[in-house]
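**Q** task: produce atomic coordinates for the following.
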Amino acid sequence: MRFSPVFDAEPWAYLGADEAVDVEHPLVRSIASELRTGDDLTYARLAFEYVRDNVSHPGDVPDPRVTWRASDVLEQGTGFCHAQAHALTALLRAGGIQAGLCYQRLRDGDRFFLHGLTAVLADDCWVRLDSRGVDLAFSASEDRLAYVADPSAGELDYPTVFAAPPEVVLGALRSDADALEIIRDGLLPSAL
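**A** Okay, here's the model as predicted:
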C-alpha cells in the first residue's frame, strides 16, 4: 500500500530548521556540500546512505551517548532511530529537498515503542526512509522500512509527516538517562 501522508505544516516548513533539525549548522552544511553532486535523487540517495552507514544505533554498538540534534548525531556518529531521522532530514533540507519526520508504533515483547523515520519528497511523491535499516537501499518510488507494522498486534504507521519532532520524542531524547538505560527501562515514547 502506498504511503498517503498528512502534513502538520505548510510546504516551506519541510525545508526549514528547528532546534533538532539544525539545517544551518556548519557540520550539516559541510556534509551536505560534500554529498551534493548530481541531481536531487542522487543527493537524496547519498544523504540516506551517509546516515545509514555512518550513524550507529546505541543499542547495536552499544553506546551510552544520547544525541538528538542533527549536528550532534552527525558529529558523534550515534543516535536512536529518531535522532538518525533528524540527521537525515537536516541533510536533505540542507540540499534543498523537502523532508519531514514520520513514526511507527511497534511492539517489542509486551511493550510498544515509537520508531522514527524520515519522509522525503522524491520524484514528486513522498516516501518514507528508515536510516536505521542497515540492509535497506534507497528508493525514490516506495517506502524502505526496517519494520512493517502489524495492526493485529496493535502496531501502526502514523500518517503524519511532521516538520519538527514532536515534544514526546524530544523529551525522551533530552532525558538525563544514558542510551542503554533508555533501552533497558523502555523509556522511549510508546505513542504520539
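**Q** which of the residues in stretch 171-187 are buried?
**A** 172-173, 179-180, 182-183 (16 or more other CB atoms under 10 Å). C-beta here means a position set from N, CA and C on the backbone, and glycine is covered the same way.
**Q** looking at these, which is nearest Leu74?
**A** Leu173 (15.1 Å; CB to CB).
**Q** which helix or strand contains the spatially most central residue of the chain?
**A** For the chain, the residue nearest the mean C-alpha position is Ala85 (1.4 Å; CA atoms, centre = their mean). For Ala85, the host element (DSSP states H and E) is helix 81-94.
**Q** quick one: buried residues of the helix or strand that that helix is followed by?
**A** Downstream of helix 81-94, the first helix or strand assigned by DSSP H and E is strand 99-108. Under the neighbour-count criterion of 16+ other CB under 10 Å, strand 99-108 has 99-106 buried.
**Q** so where do the helices sit in this structure?
**A** Taking DSSP state H as the criterion, the chain contains helices spanning 26-35, 40-54, 70-76, 81-94, 167-173, 179-184.
**Q** return the last one as PDB; C-alpha atoms alone will do.
**A** Extracted as PDB, the C-alpha positions of helix 179-184 are listed here (Å, rounded to 0.1, in the frame of the first residue of the first chain):
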ATOM      1  CA  ALA A 179      21.000   5.300  25.900                       C
ATOM      2  CA  LEU A 180      21.500   1.900  27.400                       C
ATOM      3  CA  GLU A 181      19.200   2.800  30.400                       C
ATOM      4  CA  ILE A 182      16.600   4.200  28.000                       C
ATOM      5  CA  ILE A 183      16.600   0.900  26.100                       C
ATOM      6  CA  ARG A 184      16.600  -1.300  29.200                       C
END
